[in-house]
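Peer 1: Sharing a sequence plus its predicted fold:
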Amino acid sequence: MEIKKTVVPLLFGIILASCGGNSKPPFEPATNKPRSGNVTTTINSADLYAQKCMTCHGADGTKGFGGAKSIPASQLTLQERIDLITHGKNTMPAFKGQLTDDEIKAVAEYSLTLK
């Protein structure tokens, strides 16, 4: 009788756990990269700008700390901004390796709103 009290809940737990369906973990085990279609990534360009750019460029892009150029006055195209953010120039550091290509593009696009 004592065995039944232990085995029945244990079996019930095993059966319940095995009914999880066909879900996959959100990451590929070998690469630790997100599985396509399972993970939605949202890039908050304003947050990235605040984290990586605001110290020198300021909230509105005109601070000019450490020789930082005025973003609103810039005539750079989107692609030129992406290249600048990626590779850096003069005292501006390169963000390649710190940000993904999508994040760099998002920051460049955000910088175009600072006009």
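Peer 2: Okay, I see it.
Peer 1: count of neighbours near residue 87?
Peer 2: 12 (other C-beta atoms under 10 Å). All C-beta atoms are positioned from the backbone trio N, CA, C, and that covers glycine.
Peer 1: swap in residue 96?
Peer 2: Neighbour count of residue 96, defined by other C-beta under 10 Å: 13.
Peer 1: again with the one 10 residues further on
Peer 2: Each residue near residue 106 was counted by other C-beta under 10 Å, and the total is 22.
Peer 1: Helices along the protein, start to end?
Peer 2: Counting by DSSP state H, residue ranges of the helices within the chain are 2-18, 45-52, 54-57, 78-87, 101-111.
Peer 1: And the pLDDT at residue 91?
Peer 2: For residue 91, the model assigns a pLDDT of 93.
Peer 1: so it makes contact with residue 66?
Peer 2: Yes - with contacts counted by C-beta atoms under 8 Å, residue 91 reaches residue 66, the gap being 5.4 Å.
Peer 1: list the contacts for the closest residue to residue 105 other than its chain neighbours?
Peer 2: Using C-beta to C-beta, 6 or more residues apart in numbering and skipping the chain neighbours, the partner closest in space to residue 105 is residue 82 (5.8 Å). Contact partners of residue 82, counting by C-beta atoms under 8 Å, 6 or more residues apart in numbering, are 104-105, 108.
Peer 1: was I right about residue 61 contacting residue 50?
Peer 2: No - if you go by C-beta under 8 Å, residue 61 and residue 50 don't touch, sitting 11.9 Å apart.
Peer 1: Many thanks, we can stop here.
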